[in-house]
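> My questions are about this predicted structure, shown below with the sequence.
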Amino acid sequence: MSILKRGLKGAPVKRLQKKLGVADDGDFGPGTEKAFKEWQAANGLAADGIAGPDTFAAIGLPELILLRKGSRGEQVKKMQTGLGIDADGIFGSGTEAKVKQFQASFGLAEDGMAGPETLAKLNTFAAMITPQVIQQAAVQPDEEHFEAEALPEIKGVEVVQAAAEEQPPTSAWGRVKGWFS
């Protein structure tokens with residue numbers, strides 16, 4: 001999945017800021033980081049200032065969950081369980097291949113990344129990823145002005161900027177998904 005942390009900008013940051021009740025300018029600056037660390041500490045999470053899939057589930061932003069090669073955690077385990085594979089919580093090559101196969105079986109884009117549209121097809125996410133959540137994943141009118149989305153970092157994943165320019169965004173992470181090959 002993609003993560004949010006200080007220094008990143010975009011629609012996903014704006015959504016996190018709204019949940020935190022801070023100025024929602026889409027810029028993950030020191031104020032957002034402080035508020036987010038306080039939220040993490042108050043909710044029993046490591047107060048590292050980094051938002052990932054497990055945090056998005058906990059804070060009520062399931063539309064921002066995007067699992068991909070390099071992702072780790074409970075949401076990955078939940079996805080792996082739904083796919084019927086070893087649930088070790090590590091999204092590696094085997095999980096990526098299974099996600100692509102699963103996507104193909106539902107006529108979804110076979111990109112190997114599991115966002116709300118893919119996760120909604122898994123029974124393990126049925127309660128969390130509803131049709132409403134899939135609609136919420138779409139870029140909202142007040143988010144269209146962002147030229148680029150947050151660039152999440154996951155060790156060992158190649159970033160390809162040109163791909164982002166070729167694909168129009170369809171979700172809050174839409175531009176981000178195009179950056180990964």
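That came in fine, so what should we check first? Numbers count the residues shown, from 1 in each chain.

> Just name the shakiest helix or strand of the chain by mean pLDDT.
helix 161-166 (a mean of 36; mean pLDDT, DSSP states H and E).

> show me what contacts Val99?
For Val99, the contact set (CB atoms under 8 Å, 6 or more residues apart in numbering) comprises Leu67, Met79, Leu83, Gly112, Met113, Ala114, Thr118. Where C-beta positions appear, they are placed from N, C-alpha and C, glycine not excepted.

> Counting neighbours, which of these comes out on top?
With neighbours taken as other CB atoms under 10 Å, the top of the contacts of Val99 is Ala114, carrying 31 neighbours.

> Which residues does that one form beta bridges with?
Leu67 (DSSP bridges).

> And the furthest pair within the contacts of Val99?
Leu83 and Met113 (13.6 Å; CB to CB).

> can I get the contacts of Val99 in JSON lines with distance to Val13 and pLDDT?
Listed next are those as JSON lines, based on distance: CB to CB, whole Å; pLDDT from 0 to 100:
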{"residue": "Leu67", "distance to Val13": "19", "pLDDT": "96"}
{"residue": "Met79", "distance to Val13": "24", "pLDDT": "98"}
{"residue": "Leu83", "distance to Val13": "30", "pLDDT": "98"}
{"residue": "Gly112", "distance to Val13": "25", "pLDDT": "96"}
{"residue": "Met113", "distance to Val13": "19", "pLDDT": "95"}
{"residue": "Ala114", "distance to Val13": "21", "pLDDT": "96"}
{"residue": "Thr118", "distance to Val13": "23", "pLDDT": "97"}
